[in-house]
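K.L.:
Build the 3D model from these lines:
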Amino acid sequence: MDADISENLKRIRYDIGEAMAKYRNPDDSLRIMAVTKTVPYQRVNLAIDDGITLLGENRVQEYLEKKDFYKKDAEVHFIGHLQSNKVKYIIDSVSLIHSVDSLKLASEIDRLAAKNGICRNILIEVNIGGEESKSGVPENEVRELISGISDMKNIRIKGLMTIPPAGQSEKYFERMQRLFCDIRSEKYENADMEILSMGMSSDYVSAVKYGSNIVRIGSAIFGSRK
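P.N.:
I've put the predicted structure just below:
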């Protein structure tokens with residue numbers, strides 16, 4: 001079972017390399033995030049041994065149970081839905097929170113970051129397909145949320161994240177790329193707009209085509225979840 005991680009990563013890197021060469025500028029960078037949901041820490045560490053430098057955590061409790069066992073060669077981002085009352089458990093150990101979709105959540109991150117003497121980087125999660133079953137701010141409210149966060153001193157907006165409707169990735173990735181580029185050109189206070197986080201195991205090649213610079217890959221690295 002262990003050898004499959006290395007083989008899977010080899011295939012993913014090849015696919016991404018082909019897409020980058022076809023669709024992107026030579027100086028563009030992209031990071032592969034290994035999404036660790038339900039994956040034992042031992043297998044996560046095998047991916048780190050194979051060159052993975054970025055982990056994505058979906059669940060606070062699962063992360064707390066595994067984080068001390070991870071090899072220290074990889075940084076950790078939180079990518080799952082995050083309740084305000086759970087921020088205190090992760091504020092000082094993840095370097096980026098991908099799933100900010102409300103002023104309430106942003107305010108709590110800002111408050112706890114100040115308490116810990118840090119500035120925490122965040123992404124705005126966009127519900128690009130307007131799906132009721134998914135979290136994220138509606139596309140037409142993204143600018144309002146960014147403006148509301150602009151005067152918070154202990155968080156920094158680094159870009160956008162999305163999970164598109166199943167089976168319609170290409171259409172929505174294109175919309176996200178346009179939204180990302182438009183907001184970046186508008187130069188909001190407290191927003192660097194460096195990161196576009198989109199693409200998972202089933203659609204990461206399309207995400208590369210439309211400008212993603214973090215792809216969040218779980219099952220394609222570790223196999224189907226049990």
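K.L.:
in this structure, which spans are helices?
P.N.:
Taking DSSP state H to define them, one finds helices in the chain at 2-23, 41-49, 60-66, 87-90, 103-115, 142-149, 169-186, 204-209, 219-222.
K.L.:
Now tabulate those in a markdown table and tack on mean neighbour count, mean pLDDT and distance to S29.
P.N.:
Quick note: C-beta positions are derived from backbone N, CA and C, even for glycine. Below are the helices of the chain laid out as a markdown table (neighbours: other Cβ atoms under 10 Å; pLDDT from 0 to 100; distance: least, Cβ to Cβ, whole Å):
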| stretch | mean neighbour count | mean pLDDT | distance to S29 |
| --- | --- | --- | --- |
| helix 2-23 | 14 | 95 | 9 |
| helix 41-49 | 18 | 97 | 19 |
| helix 60-66 | 16 | 98 | 26 |
| helix 87-90 | 18 | 98 | 26 |
| helix 103-115 | 18 | 98 | 26 |
| helix 142-149 | 18 | 97 | 24 |
| helix 169-186 | 17 | 97 | 15 |
| helix 204-209 | 22 | 98 | 12 |
| helix 219-222 | 22 | 97 | 19 |
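K.L.:
Please produce a markdown table containing those helices, extended by distance to N127.
P.N.:
As requested, the helices of the chain are exported to a markdown table (distance: least, Cβ to Cβ, whole Å):
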| stretch | distance to N127 |
| --- | --- |
| helix 2-23 | 25 |
| helix 41-49 | 28 |
| helix 60-66 | 21 |
| helix 87-90 | 20 |
| helix 103-115 | 14 |
| helix 142-149 | 10 |
| helix 169-186 | 10 |
| helix 204-209 | 17 |
| helix 219-222 | 23 |
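K.L.:
and M193, which of these is closest to it?
P.N.:
helix 169-186 (3.9 Å; Cβ to Cβ).
K.L.:
So which elements touch the closest one?
P.N.:
Under the contact definition 3 or more Cβ pairs under 8 Å, 6 or more residues apart in numbering; DSSP states H and E, helix 169-186 sits against helix 142-149, strand 155-162, strand 191-197, helix 204-209.
K.L.:
Pipe the ones you listed into CSV and attach distance to R111 per row.
P.N.:
Below are the helices and strands packed on helix 169-186 laid out as CSV (distance: least, Cβ to Cβ, whole Å):
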stretch, distance to R111
helix 142-149, 13
strand 155-162, 10
strand 191-197, 19
helix 204-209, 33
